[in-house]
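Visitor: Below: sequence and its predicted model.
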Amino acid sequence: MAVYTDVAADELADFLKTYDIGELLSYKGIAEGVENSNFLLHTTKGYFILTLYEKRVAVDDLPYFLGLMAHLAERGVSCPQPARNRDGAVYSTLSGRPAAIINFLEGLWPRKPNVAHCAGVGTALARMHLAGRDFPLVRKNPLSVSGWMSLFAQAADRADTVQAGLSALLSAELDVLARSWPTDLPEGVIHADLFPDNVFFLGDQLSGLIDFPFSCNDILAYDVAICLNAWCFEADHSLNVTKARAFFHAYGRERPLSQAELAALPLLARGAAIRFLLTRLVDWLNVPAGALVKPKDPLEYVRKLRFHQAVTSVRDYGLDGSGATA
Ligand SMILES: Nc1ncnc2c1ncn2[C@@H]1O[C@H](COP(=O)(O)OP(=O)(O)O)[C@@H](O)[C@H]1O
Ligand SMILES: N[C@@H](CCOP(=O)(O)O)C(=O)O
């Protein structure tokens, strides 16, 4: 999270009167994250998270991901729940932005994910995919191939100021992905941003998933590829095959990956790399003046993209062709 939009104390106190979650004792902006403005609220009834949704969230999409959190929780997936205001609504407007309040989830996100964390997220991701099967709402992923093209258009002319040759690399990669992006793999509800800072643990035990504004309907194995990139690489940008095996093994125990999904993994991982490379690049080039935010490094994802471009088989991820961990 971050803080792009400030909220005045009297305005917030009035806003809270429209809910039954106690009176405001204190609040503070949360510097972590990059997408939305987030505040930790302390009220006479406990702790809550207030989110003001920013540029990449359309108000029409709020019922999808706020509804998804309730749907998943009913099926045993631990995630925060939106508070309803006195009119029964799970979101309204504050400081000119769409705003929602969710309950505070105990736990810490892992700064240095270990093998047990990778296994934990594999299990949780698969359970989320299974629990999402009967979610009735549908939201197309705005950040799939055509969305990547639009992001590239916003950054193409300045990409080489970040790294020489980056614009050509992105353009060539987008051509490949546009030509070969799979259309026949199993789809369903995906989280689409299940990075370590969105998964809480108590010790090695996963306690919950947060941050659903990118959730949508898309290729399930694409979500797997997003997590592979986010969880299984080391700080020196090498893939940790032990972590990848633990992640795939745990995922596959709940929802086995098909041969077609396995074969598509290198391509899906390239797509997952370019998606985060592009949002990071656009954000890197456009930090709003005065915002409390630390933009994320786009070059981390250039290295991951190059890694997957060189992959010749899923053995490079620690899997044998059958999906078993090699
Ligand atoms: N329900 C929650 N319970 C506890 N902490 C939370 C909760 N939601 C968010 N946070 C805190 O805010 C940080 C950023 O949240 P996140 O949802 O990733 O931001 P963004 O909306 O920018 O994607 C988290 O790493 C965590 O510290
Ligand atoms: N996970 C993304 C950034 C998305 O937002 P966050 O607010 O959860 O940090 C990335 O790493 O690029």
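Guide: In hand now; what should we look at? In this text the structure is predicted, and so the values were computed from the model without any measurement. Ligands and ions are numbered 1, 2, ... in the order given.
Visitor: Are stretch 76-92 and ligand 1 in contact anywhere?
Guide: Yes - contact check for stretch 76-92 against ligand 1, using Cβ under 6 Å from any ligand atom: residues in range are Pro80. Just so you know, the C-beta spots here come from the backbone N, C-alpha and C atoms, and that holds for glycine as well.
Visitor: Return the distance of whichever residue of the stretch 151-300 of the chain sits closest to ligand 1 relative to ligand 2.
Guide: Here the residue of the stretch 151-300 of the chain nearest ligand 1 is Asp211; by Cβ to the nearest ligand atom that distance is 3.2 Å. Per Cβ to the nearest ligand atom, to the nearest Å, Asp211 is found 5 Å from ligand 2.
Visitor: tally of neighbours for the closest residue to ligand 2 within the chain?
Guide: Residue of the chain nearest ligand 2, by Cβ to the nearest ligand atom: Gly33 (2.9 Å). Taking other Cβ atoms under 10 Å as the neighbour definition, Gly33 ends up with a count of 20.
Visitor: Now do the same contact list for it.
Guide: Taking Cβ atoms under 8 Å, 6 or more residues apart in numbering as the definition of contact, the neighbours of Gly33 are Met1, Ala2, Asp197, Asp211, Val293.
Visitor: measure Leu278 to Thr5 for me?
Guide: Noted for Leu278: a distance of 24 Å to Thr5, by Cβ to Cβ, to the nearest Å.
Visitor: for the residue sitting nearest the centre point of the chain, phi and psi?
Guide: When Cα atoms, centre = their mean is applied to the chain, the residue found nearest the centroid is Asp193 (1.2 Å). Main-chain dihedrals, Asp193, degrees, to the nearest 10: phi -160, psi 40.
Visitor: wait, it sits on Asp211?
Guide: Yes - proximity of Asp193 to Asp211 meets the contact threshold set by Cβ atoms under 8 Å, at 6.0 Å.
Visitor: So what touches the helix or strand harbouring Leu41?
Guide: Remark: Leu41 resides in strand 37-43, with elements defined by DSSP states H and E. Taking contacts as Cβ under 8 Å, 6+ apart, the residues outside strand 37-43 that touch it are 1-5, 7, 12, 16, 21-30, 32, 47-52, 54, 97, 101, 104.
Visitor: related to what we said a few turns ago, could I get the contacts of Gly33 as CSV with pLDDT, neighbour count and secondary structure?
Guide: Converted to CSV, the contacts of Gly33 look like this (pLDDT from 0 to 100; neighbours: other Cβ atoms under 10 Å; DSSP: H, G, I helix; E, B strand; the rest coil):
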residue, pLDDT, neighbour count, secondary structure
Met1, 46, 24, coil
Ala2, 74, 22, strand
Asp197, 96, 17, helix
Asp211, 94, 23, coil
Val293, 73, 20, coil
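Visitor: Sounds good, over and out.
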